[in-house]
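# below: sequence and its predicted model.
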Amino acid sequence: MLLKDVKKFLKKFIFKRKDYFQIKLLNFIKFNSVKISNNKPIIFWELGGFPEIFRRNAIFSIALKLRGYDTHFIICDEIDQACIQREVNKQNSWENYCKNCINSMKLIAKRYDVNYSQASEFIDINKMQKFRNVIEHLNVEQIERYKFLDINVGELALSSFIRYKQGYPVLLSEFTKDDEYVYRKYLYSAIINTYIADVIIKKYNPISILTSHGMYVDYAPSMFVGFKNKINAFCWSSGFSEMTHYFSIPESEFNLFPRRITEFEWEKRKKDLLTQKEDELLNKFFIDRYVDKKTLDTASFEICQDTDSLKKRIGINNDNPIVCFFSHLNWDACTDFDYMIFKNPYDWIIESINKIKDIKNVNWLIKIHPIETINNYGTLDEIRKRIKDIPENIIIINSDIKINSYSLYNLINCGITIFGTVGVELPCLGKHIITLGKSHFSDKGFSLDMKSKEQYFDCLENIKNIKPLTQEQIKLARQYAYSYFIQRQIPLNIINKKQGHWGDIDIDRLDELLPGKDPVLDKLCESIISGKDVILDENCLEYLEKIKKKEI
């Protein structure tokens, strides 16, 4: 058989396989459909253009429809012109990219029989021209503070532009004409997406709005306009473990704090100490995360158990306290909407170095975020640009140095972060964490939360005097970590595990989509409908344990 015949056969086979999947899925939905219990739909806001995310939302939609709720998707059709797909290093024209994106989204919608509208259906050409005039006549310095419908659309534009720059510093004084052009495009997108979200909410009066990310000009408008109009608004992001998700609720029409535990749920959780079983589950998570590397966000570096050899490897040859700055991926998510005492994470590191270079009785470590190995520009580049000489008491652990973070946790006396996950993990080991902003874990009773630069710099000068965490603080930290890592990471058991985190529905397990079959999915749907935090209860966790033991 000729090669071209083989390719033709495979193409035909794959096409048939896809048909089989679609036919079986749609027949299942049709056979198990129930009467819609409410004429108000649940809106899925899908303007980012990622087929994998659309597919995941389609799965949530099927589960809701099988429980008697109508769903309706809003998808992008090139109307906003600037989105999360844009990156400074992508050379393809925006127009060509949009066409491929739209086609892929429509294919997903057809495959899952999704009811959808395109964004352009909710805005006319006159409104669009009006908004273009706004961005053309606005001074670029005014963009960040610009509001529309009481939503900080200028902040959304800046957030998206920071992501677009992929790590390069965003300084208005150094803007090129291309920078200003793209920045204005993001403001335009933020305005029209906010307008469209407002029109949709008024038209449909939905039960809830669900989207991914919850930030940037693509996703945030639906969240904040929904919150403003007292509509249940949820966003989701991938968890640390495969096939898990965090579902977050806005704190206000200006702040999201992704992955946070609502104050109501935290007050409930902290009243009860961890049981022995809960304590074991948390310990197992840390082992899975750092020893067995079963999570999505940790590098596969071996743990160094011997602190003396680790000190030697890093270059520490004294017994002075060890304090580590855990830098961030400065263009993605962690800096969105959240208050911090520095203008940006670059200024945090640079100003800290200038402060600590004369504090010689401490070993200062700066751990560069591991993703900087594939960054265009990052913290290390900024250090090299703005600091001429690094004193011996400051050691930079570059992103290509293969040191497991958990090894550092055991070595150091104290950690410093703005929003990093280390803020939850380190206190569980009895180590202090200094935070420099309002994160989901700050002000919970187990971190040193700096409210100003002056307080922070004074803390650095006196860091040797910081007393160890009390047993009560450690217990509190572990209670929070349990809720955050165990109860708040929501697994989607229906996913085909052979396909990994972004896998499709396991076509042989469709019955698990039905009400009463999977308590985790039941809990998720209940929370989306009621607007409550998604917290796994004991029944859900017992179900997950049975799945792991293959008892189900």
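Ah, there it is.
# would Leu510 count as being in a strand?
No. Membership of Leu510 in a strand is not supported by DSSP: H, G, I helix; E, B strand; the rest coil, which gives helix.
# excluding residues flanking it in the chain, which one is nearest it?
Spatially, and ignoring its direct neighbours in sequence, Leu510 is nearest to Phe28 (4.7 Å; C-beta to C-beta, 6 or more residues apart in numbering). For the C-beta atoms, the positions are set from N, CA and C on the backbone; glycine is no exception.
# so how many other residues sit close to the one you found?
18 (other C-beta atoms under 10 Å).
# now do Asp443
11.
# mind checking how far it is from Ile395?
Using C-beta to C-beta, to the nearest Å, one gets 31 Å for the distance from Asp443 to Ile395.
# so Tyr204 makes contact with Lys40?
Yes. Judged on C-beta atoms under 8 Å, Tyr204 makes contact with Lys40 at a distance of 7.0 Å.
# who's more crowded, those two?
Higher neighbour count among Tyr204 and Lys40: Tyr204, with 19 against 15, using other C-beta under 10 Å.
# what's that one in contact with, if anything?
40-41, 43, 72 (C-beta atoms under 8 Å, 6 or more residues apart in numbering).
# and the pLDDT at Asp5?
Note for Asp5: predicted pLDDT of 56.
# sorry, back to before: tell me the most packed of the contacts of Tyr204, by neighbour count.
Ranked by neighbour count (other C-beta under 10 Å), these have Ile43 at the top, with 27 neighbours.
# check which element follows the strand or helix carrying it along the chain.
For Ile43, the host element (DSSP states H and E) is strand 38-46. Next in sequence after strand 38-46, counting helices and strands by DSSP H and E, comes helix 51-65.
# give me the residue ranges of the stretch 151-300 of the chain where confidence is low.
298-300 (pLDDT under 70).
# ok, which stretches of it are strands?
With strands called from DSSP state E, counting those that start in this stretch, the stretch 151-300 of the chain shows them at 208-212, 232-238, 244-248.
# which residues sit against the second one?
The one in question is strand 232-238. 207-215, 219, 222-224, 226-227, 244-250, 256, 258-259, 296, 333, 501, 527-531.
# could you do the last one as well?
The contact list for strand 244-248 (C-beta under 8 Å, 6+ apart) reads 214, 234-239, 256-260, 488-492, 524, 527-528, 533-534.
# of those residues, which belong to helices?
524, 527-528 (DSSP state H).
# give the burial count for Pro391, as a bare number.
Number of residues near Pro391 (other C-beta under 10 Å) recorded here: 14.
# could you chop the protein up by domain?
Domain assignment of the chain by automatic domain parsing yields the ranges 1-31, 33-259+494-548, 270-487.
# neighbours around Glu267, how many?
10.
# also the one 10 residues further on?
Counted with other C-beta under 10 Å, the neighbours of Lys277 add up to 11.
# likewise Asp19?
11.
# from Cys428, how far off is it?
In this structure, Asp19 and Cys428 are 50 Å apart, going by C-beta to C-beta.
# and Tyr290, by the same measure?
12 Å.
# now Ile528
Between Ile528 and Cys428 the distance is 30 Å, computed by C-beta to C-beta.
# how about Ser483?
12 Å.
# before we move on, back to that, check the strands of the stretch 151-300 of the chain for me and report the most buried one.
strand 208-212 (a mean of 26; mean count of other C-beta atoms under 10 Å).
# tell me where the stretch 201-350 of the chain has helices.
Assigned by DSSP state H, counting those that start in this stretch, the helices in the stretch 201-350 of the chain fall at 216-228, 263-269, 276-286, 307-314, 345-356.
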